[in-house]
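Student: curious how this folds, go ahead:
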Amino acid sequence: MAVAERPYALHPRPIRAEAWPVAGMLSAVAFGVAALFAHPAEYGLAAVGCVAAGAALYEPRLIGPLLAVALPLEITKLAFPFLETRSDLGGGLSSSTSIVDAGRLVVALAFAVWVIRPARPRADVIPQSALTLPLALLFAVYACSTLWAFDVSGARTETLRLLFSLGGFALVPFFVRDRASLRWTLLAFVAAAGALAIVGVYQQITGDFFWNEGLGRFGERRINTTFADPNHFARFLLEGVVLAVIAWPFARRGLRYWLLLPAIALSLLTLVFTGSRGAWAVGALMLPLAVLAVPVDRRARLRIIGGGVAAIAVTALAVAAVSPFFTKRVNTFTFGEQALGARPYLVEAGLDMFGDHPITGVGAGGYQAAFEEDYYSYKDPKIKANITASHTSAVTIIAELGVIGAAAVAFLVLRWATYIRDLVRTRDPELRTTALGIGIVSAVIFLGSQTEGRFLEDPFLWFFAGLAVAIENLVVRPRRTGAE
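Tutor: This next block holds a predicted model:
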């Protein structure tokens, strides 16, 4: 008799002997770092990290879910008193942060597991996909920009960041290797969004900001939870909602009503509290597309969209009744394009940078330094905040990388669109819907970066790109074996 399929079972393999000393070494390092602080929270996080490392060594396919949970924990940058930098954060932070955080530690753990216990040929870490060539060209542009960059240190930092992102991109499909690990990774991301949405509701009620307390002053409360910038937190919530919607038809009934539905409702509620006008606009465009991507009949789609719009409208009216700040944020949409936060003076300065350096730009990571040095006259005196970092990724790219970099990025975007189009041609409804969802999430990141910055620097962009390659592997493997 055939055995019933267990769609979420990972079927772990026997553990190897060398995993134990490695787990012990990781535990010693984690507790040693925690001892530098002598705070219970750090000890607790170190213990959780040790358990996660041991679990990943036991079952490498847990790397995907671990990364989905760890990436949103930007606040962990505060827990490491070395390699300090603030170049990759927004939100007007004044305190120093480390380049080390939970997400990057999980990527390092993935690399260690790849070396110690890969459970498949290590050479498979090199993606054999249409994205490999444009990514190699993009990295070459970044690396070469260090030769002529306005800010050489910034260019080196951005190049190393891109290299690390590419490493994470390669490791994700290496460990997300079957349907079960793909499903768990998506569900873990949705669960993380739902959990942080609950934290966001707590922040809204209490005004207790764990990070960047300035967001709660002067009667203006913008919820950021574990993110430095509330705009990036809002974008993360949108991504979680999209994944929950596209996972709905393929999830068990219990998961639908105990995980997906609460995560959607809480994420949309907390999205209102973030005060992110750009995310609100992007959500209005992208969330209906996510519903249209779900393989259900037309009437069901209309009911979902209608019910969602009604629920959001009721929530917005309820919040507006108790929060004057929310009403004030909504009223700013009457200001036109300036309401989205792009700050025209930053765009004008970036276009002038491109005009002065059309071929090579000012170098990767050089926009802010060039603005403060040579283009500060563009600063709008009506804006009191001293904002000098670009908030529009398209302008950032041409200003920093010039025509060469813009061509490389355009090639990558075109190849990515073609790649997603090819993935959605599969006859497998679950993989096709998931690929569409990843395409929508990438559009959320790109559109959001036009008013909030952080496009190629966004770790979630590379995480989802890796999941797309994982889907390609699942599509190609049955074809090679004649299953399709």
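
Student: show me where the stretch 151-300 of the chain dips below the pLDDT cut-off.
Tutor: 216-220 (pLDDT under 70).

Student: okay, now the nearest residue to Leu436 once chain neighbours are set aside: neighbour count?
Tutor: The spatially closest residue to Leu436, leaving aside those adjacent along the chain, is Ala293, at 4.1 Å (CB to CB, 6 or more residues apart in numbering). Where C-beta positions appear, they are placed from N, C-alpha and C, glycine not excepted. By other CB atoms under 10 Å, the residues close to Ala293 number 20.

Student: then Asp101?
Tutor: With neighbours defined by other CB under 10 Å, the count for Asp101 comes to 22.

Student: my read: it touches Leu67, true?
Tutor: No: with contact defined as CB atoms under 8 Å, Asp101 does not reach Leu67; the gap is 11.9 Å.

Student: so the residue nearest to Leu436 touches Ile246, yeah?
Tutor: Yes: the pair Ala293 / Ile246 is scored as a contact, 5.9 Å apart, by CB under 8 Å.

Student: so what sits against both of these two?
Tutor: 433, 436-437, 440 (CB atoms under 8 Å, 6 or more residues apart in numbering).

Student: and which of these is nearest to Val141?
Tutor: In terms of CB to CB, no member of those lies closer to Val141 than Ile440, at 27.3 Å.

Student: tell me which element that closest one falls in.
Tutor: helix 429-452 (DSSP states H and E).

Student: could you pull out the buried residues of that helix?
Tutor: Within helix 429-452, the residues that count as buried by 16 or more other CB atoms under 10 Å are 430-452.

Student: centre of the chain to stretch 149-167, how far?
Tutor: The chain centre lies 18 Å from the centre of stretch 149-167; the measure is CA atoms, centre = their mean, to the nearest Å.

Student: residues of that stretch that come out buried?
Tutor: Under 16+ other CB under 10 Å, the buried positions of stretch 149-167 are 149-152, 154-159, 161-162, 164-167.

Student: so what touches it?
Tutor: Residues outside stretch 149-167 that contact it (CB under 8 Å, 6+ apart): 85, 87-88, 104, 107, 111, 135, 138-139, 142-143, 145-146, 362-366, 368-370, 373, 456-457, 459, 461-462.

Student: and stretch 348-363, by the same measure?
Tutor: With CB under 8 Å, 6+ apart as the test, stretch 348-363 has contacts from 145-146, 148-152, 154-155, 367, 369-371, 375, 378, 390, 392, 395-396, 398-405.

Student: got a ChimeraX select line for the buried ones in the residues you listed?
Tutor: Only the buried members of the contacts of stretch 348-363 enter the following ChimeraX selection, criterion being 16+ other CB under 10 Å:
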select :145,146,148,149,150,151,152,154,155,367,369,370,371,375,378,390,392,395,396,398,399,400,401,402,404,405
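
Student: now intersect the contacts of stretch 348-363 with the helices, please.
Tutor: Mapping these onto helices (DSSP state H) picks out 145, 152, 154-155, 367, 369-371, 395-396, 398-405.

Student: what's the following helix or strand after the helix holding Ile440?
Tutor: Next along the chain from helix 429-452, counting by DSSP H and E, comes helix 459-480.

Student: avg pLDDT for that next one?
Tutor: On average, the pLDDT along helix 459-480 is 86.

Student: which neighbouring elements make contact with that helix?
Tutor: helix 63-70, helix 152-175, helix 179-206, helix 230-247, helix 393-423, helix 429-452 (3 or more CB pairs under 8 Å, 6 or more residues apart in numbering; DSSP states H and E).

Student: got those helices as CSV, with distance to Val282 columns?
Tutor: Shown next, in CSV, are the helices and strands packed on helix 459-480 (distance: least, CB to CB, whole Å):
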stretch, distance to Val282
helix 63-70, 21
helix 152-175, 22
helix 179-206, 16
helix 230-247, 7
helix 393-423, 13
helix 429-452, 5
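
Student: domain assignment for the protein?
Tutor: The record's domain parsing of the chain by automatic domain parsing lists 18-120, 126-175+343-484, 183-341.

Student: for the longest one, the distance to its chain's centre please.
Tutor: Right, the one you point to is domain 126-175+343-484. The answer for domain 126-175+343-484 is 12 Å, by CA atoms, centre = their mean.

Student: tell me the spacing between Val296 and Phe250.
Tutor: Going from Val296 to Phe250 by CB to CB, to the nearest Å gives 11 Å.

Student: which one's more surrounded, the two?
Tutor: Phe250 (19 against 13).

Student: need the nearest residue in space to the more buried one, chain neighbours excluded.
Tutor: Nearest to Phe250 is Glu430, by CB to CB, 6+ apart, at 4.9 Å.

Student: quick check: the one you found touching Ala251?
Tutor: No: look at Glu430 against Ala251 with CB under 8 Å: they stay out of range, at 10.2 Å.

Student: how close does the residue nearest to Val199 when sequence neighbours are not counted get to Gln128?
Tutor: Excluding its sequence neighbours, the residue lying closest to Val199 (CB to CB, 6+ apart) is Thr225, at 4.7 Å. As judged by CB to CB, Thr225 and Gln128 stand 38 Å apart.

Student: so those two - more neighbours on which side?
Tutor: Shown here are Thr225 and Gln128; by other CB under 10 Å, Thr225 has more neighbours (27 against 11).

Student: can you point out the buried residues in the host helix or strand of Trp114?
Tutor: Here Trp114, judged by DSSP H and E, is contained in helix 102-116. Going by neighbour count (16+ other CB under 10 Å), the buried part of helix 102-116 is 102-114.
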